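*Asks:* Sequence plus the predicted model coming up.
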Amino acid sequence: MYQRLRAFAYQQLGPYKPEHGNLTAANCLIVTVILVSLLMFTLESDPDYKFHDTFLLELLTFIILSVFAVEFFARLFAAGHVEEYRGVRGHLLYLRHNWGLVLVDLLAFAPELLFILLGAPPPTWLRTLRVVRIFKLTSYMSGVDLIFEAVKESGKELATAVSVAVVLWYLGSVALYLAERHAQPEGFGSIPEAMWWSVVTMATVGYGEVVPITNLGKVLACPTEVVHLLC
């Protein structure tokens, strides 16, 4: 009976592989709970949210945390279906081999649930840990493995490209600082401010009214932004 129960738990909660078909009922439930919890986390950031500090919200939060807790221990129990992970030593090996997923699972429920069980309201900063639940969804996305594999295969090339981009960004910011620091000390009064100007102008339509006004600054800004675009 014990073995059959563990086999069923492994079938329902074991590693999801797209080639094996659709999500199991248990995994569908987990995905639904993750999405609901992320929706609640998003709505709670709105001060006009009607369910702030209500019994219903507290109840839903406790249910969600309990589901994640049950899921965590059920997965640990189901891992023993694989002979390599049987026994205490095997379960420790399972935690070691899957430490990334285990850490995400624990952060998704353990800190906040501990406060609730102790009868203390979780601090606001602790509730932000709920955002890690989005990483639980990666276990059910078939394309995630391909992304990680591509990053792994091209790790050195990506690191080189990022390093070159950072060096060019820094050198360009230093050049703009030297060219504009006297003309615009409020916008380019330091190298960090020049670096921030480069980031903001790249990410938006502009950093307020702060633009290079010296001839040298204008000349240097052109290749700097071209480099950002290429990178």
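*Replies:* Good, I have the coordinates. Every value quoted in this text rests on a predicted model; they were computed, and no experiment measured them.

*Asks:* Near Ser198, how many residues? Count them for me, please.
*Replies:* A count of nearby residues for Ser198, using other C-beta atoms under 10 Å, gives 21. No exception for glycine: its C-beta is placed from N, CA and C like everyone else's.

*Asks:* what bits of the chain have low per-residue confidence?
*Replies:* Flagging of the chain using pLDDT under 70 yields the residue ranges 15-21, 52, 141-151, 201-231.

*Asks:* again, 90 this time
*Replies:* Applying pLDDT under 90 to the chain flags residues 1-31, 34-35, 37-59, 61, 75-76, 78-92, 94-105, 107-108, 116-231.

*Asks:* Okay, domains of it per the record?
*Replies:* 2-141, 155-230 (automatic domain parsing).

*Asks:* so what's Val131 up against?
*Replies:* By C-beta atoms under 8 Å, 6 or more residues apart in numbering, Val131 lies in contact with 38, 41.

*Asks:* going forward can the numbers begin at 40, since that is how I track them
*Replies:* Okay, residue one is now 40; in that scheme the one you just asked about reads as Val170.

*Asks:* can you tell me how far it sits from Pro160?
*Replies:* 19 Å (C-beta to C-beta, to the nearest Å).

*Asks:* ok, now Thr100?
*Replies:* 11 Å.

*Asks:* neighbour-wise, which of those two wins?
*Replies:* Between Thr100 and Pro160, Thr100 has the larger neighbour count (other C-beta under 10 Å), namely 20 against 12.
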